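Chemist: generate coordinates for the sequence data below:
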Amino acid sequence: MKNLKGKRVVITGGASGIGLATAVRFYEEGSELCIVDMPTEEETELKARFPERMTYIQADVSTQDGVDKIQNWINGGVDVFINNAGITRDATMAKMTDEQWDQVLAVNLTAVYKLSKIAAIKMKEQGGGAILQASSVVAHYGNFGQSNYVATKAAVIGLTKTMAKEYGKYGVRINSVAPGFIGTPMVRSMPEKVVKMMEDKVPLKRLGEPDEIAAIYAFLASDDAKYITGTCINVDGGIVLG
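Modeler: As a prediction, the model looks like this:
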């Protein structure tokens with residue numbers, strides 16, 4: 001991948017799943033990592049996996065303290081910012097509590113707005129950069145029991161398009177990625193019949209792999225994608241086709 005070596009890259013939610021796969025990909029490309037996640041037992045393992053060029057920040061992105069910790073690292077320069085952190089608090093509309101709604105919006109949307117803003121301002125000063133947002137295919141067609149989650153993922157696409165228009169003239173590119181059913185450790189631990197049901201819904205008849213999402217992040221961050229901004233790439237095996 002072109003020009004990722006030496007780039008300063010922030011990945012929120014980077015300690016597991018898609019975030020970890022993304023960290024591995026950028027590390028292999030020679031980037032300097034800032035992995036952000038909640039306090040985790042995997043921190044020692046992370047430091048062993050990334051023995052150099054890696055800073056680990058324990059932070060809740062939905063708090064001002066967490067945002068401040070990340071901004072302190074960004075002040076030293078940032079070339080790629082990946083808003084990967086996200087949570088679910090599923091319930092039907094009738095049963096969803098205000099707390100469930102607020103928690104998901106705080107992590108999946110408000111934190112994305114705050115951190116993207118900080119990253120974009122710094123990238124404007126530097127003369128360019130790439131901001132990548134995690135959306136989801138459910139943003140395109142909804143999902144039963146996930147009104148809060150779907151609302152945030154649809155909003156992320158809108159935020160991406162608006163920021164792309166505002167910051168394009170400064171050389172800052174903003175794009176989003178919408179994964180479908182991805183075989184993270186959490187998904188793979190589900191009952192076999194549930195996983196099979198998910199696979200059967202996908203035209204390619206399999207789950208995606210975390211490193212396939214990481215590959216798209218790496219592409220969008222690289223000079224191979226230097227004329228791409230304001231878009232959302234679905235990485236879903238065709239499930240959005242219905």
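Chemist: going forward, measure contacts between C-alpha atoms and count neighbours the same way
Modeler: Fine.
Chemist: residues of stretch 144-151 that come out buried?
Modeler: 145, 146, 147, 148, 149, 150, 151 (16 or more other C-alpha atoms under 10 Å).
Chemist: nearest to residue 126 among those residues?
Modeler: Nearest to residue 126, judged by C-alpha to C-alpha, of those is residue 151 at 32.6 Å.
Chemist: grab the nearest non-local neighbour of the closest one.
Modeler: Of all residues not flanking residue 151 in the chain, residue 139 sits nearest, at 7.1 Å (C-alpha to C-alpha, 6 or more residues apart in numbering).
Chemist: same question for the helix or strand where that neighbour lies, mean pLDDT?
Modeler: Assigned by DSSP states H and E, residue 139 belongs to helix 138-141. The average pLDDT within helix 138-141 is 94.
Chemist: how many neighbours does the residue nearest to residue 59 when sequence neighbours are not counted have?
Modeler: Nearest residue to residue 59, sequence neighbours excluded (C-alpha to C-alpha, 6+ apart): residue 66, at 4.6 Å. Residue 66: 18 surrounding residues under other C-alpha atoms under 10 Å.
Chemist: how far away is residue 3 from residue 214?
Modeler: Applying C-alpha to C-alpha, to the nearest Å, the value for residue 3 to residue 214 is 16 Å.
Chemist: comparing these two, which shows the higher neighbour count?
Modeler: Between residue 3 and residue 214, counted using other C-alpha under 10 Å, the more crowded position is residue 214 (21 against 13).
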